[in-house]
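**Student:** Quick check, what structure comes out for this input:
(2 chains)
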Amino acid sequence: AQTVTQSQPEMSVQEAETVTLSCTYDTSENNYYLFWYKQPPSRQMILVIRQEAYKQQNATENRFSVNFQKAAKSFSLKISDSQLGDTAMYFCAFISRNSGNTPLVFGKGTRLSVIA
Amino acid sequence: GAGVSQSPRYKVAKRGQDVALRCDPISGHVSLFWYQQALGQGPEFLTYFQNEAQLDKSGLPSDRFFAERPEGSVSTLKIQRTQQEDSAVYLCASSLGTGELFFGEGSRLTVL
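**Tutor:** I've put the predicted structure just below:
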């Protein structure tokens, strides 16, 4: 079974600074997706960024980028130029591509607070 | 619709009551997932549908939990004889099967 571990329950960052959220995962599979989801206080989960395991290049989406280390099974999220609207719970998630029927597996989340 | 819609947004039930939570997925999305999210925790998988077929219900915590999607679109999660430990946010998500899930705002259930 796959597991996702987020070792930082809470983090804070000053506005305009950079913060990195950690995620490690455990799987015996070679073909999978990794995601970072954001859940603001309103609760709706929103996709931030995704990474396909077979791609070596790290994914980037504007101020959000990942550091994907496949051998180390590490998938950290870097948020540059942090904004107050980035305050939210952030969840790292894994899904296998080997079967279309496997659910998305989430970590326990990191609560990020951006301070003015 | 434009996004995944869930109702009710908030539900308060007395212990022992039955509740039904509804999910309207994005039109055309064949895959539908239900997750349970306890306060301060990550979502935990409950069950999964592909069209009307329930392909995985391994996450349902007890036989009091039942989900259906009879016409392959709207889904209902039913909880019978609710207990206090059932208090949580129930998230529904739909997908085209490409891995990315689109989530609704959730239904917050409080059992007194």
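**Student:** in chain B, which residue is closest to the centre?
**Tutor:** By Cα atoms, centre = their mean, chain B has its centre lying nearest to residue B:34, at 3.7 Å.
**Student:** Show me the strands paired with the helix or strand in which that residue is found, marking each as parallel or antiparallel.
**Tutor:** Secondary structure assignment for residue B:34, by DSSP states H and E: strand B:31-37. If you go by DSSP bridges, strand B:31-37 pairs up with strand B:44-50 (antiparallel), strand B:88-95 (antiparallel).
**Student:** sorry, back to before: what sits against the residue nearest to the centre of chain B?
**Tutor:** Residues in contact with residue B:34 (Cβ atoms under 8 Å, 6 or more residues apart in numbering or on different chains) are B:23, B:45, B:46, B:47, B:48, B:67, B:75, B:77, B:90, B:91, B:92. Using the backbone N, CA and C atoms, a C-beta is placed for each residue, glycine as well.
**Student:** Work out for me the element the most centrally placed residue in chain A sits within.
**Tutor:** Per Cα atoms, centre = their mean, the C-alpha nearest to the average position across chain A is that of residue A:36, at 3.0 Å. Using DSSP H and E, residue A:36 sits in strand A:32-39.
**Student:** sorry, back to before: just the pLDDT at the closest residue to the residue nearest to the centre of chain B other than its chain neighbours, thanks.
**Tutor:** Spatial nearest neighbour of residue B:34, excluding adjacent residues (Cβ to Cβ, 6 or more residues apart in numbering or on different chains): residue B:46 at 4.2 Å. Residue B:46 carries a pLDDT value of 96.
**Student:** same deal with residue B:81?
**Tutor:** For residue B:81, pLDDT reads 97.
**Student:** again, but for residue A:101
**Tutor:** Reported pLDDT for residue A:101: 59.
**Student:** Same check on residue A:11?
**Tutor:** In this prediction, residue A:11 carries a pLDDT score of 97.
**Student:** Assumed it was part of a strand.
**Tutor:** Yes: looking at residue A:11 with DSSP: H, G, I helix; E, B strand; the rest coil, it is inside a strand.
**Student:** OK, contacts around it?
**Tutor:** A:19, A:21, A:110, A:111, A:112, A:113.
**Student:** how about the residues of chain B near chain A?
**Tutor:** Within chain B, the positions lying close to chain A (Cβ under 8 Å from any Cβ of the partner chain) are B:31, B:33, B:35, B:40-45, B:48, B:50, B:55-56, B:59, B:89, B:91, B:93, B:97, B:99-106, B:108.
**Student:** Can I have the buried ones of those residues as a PyMOL selection?
**Tutor:** Buried members of those, defined by 16 or more other Cβ atoms under 10 Å in any protein chain shown, are picked up in PyMOL with:
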select buried, chain B and resi 31+33+35+42+43+44+45+48+50+56+59+89+91+93+99+101+102+103+104+105+106+108
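**Student:** coming back round to it: show me what the residue nearest to the centre of chain B is bridged to.
**Tutor:** Going by DSSP bridges, residue B:34 forms beta bridges with residue B:47, residue B:92.
**Student:** thinking again about what came up before, quick one, the strand holding residue B:34 and strand A:32-39 angle?
**Tutor:** 50 degrees (axes from the mean of the first three to the mean of the last three Cα atoms, to 10 degrees).
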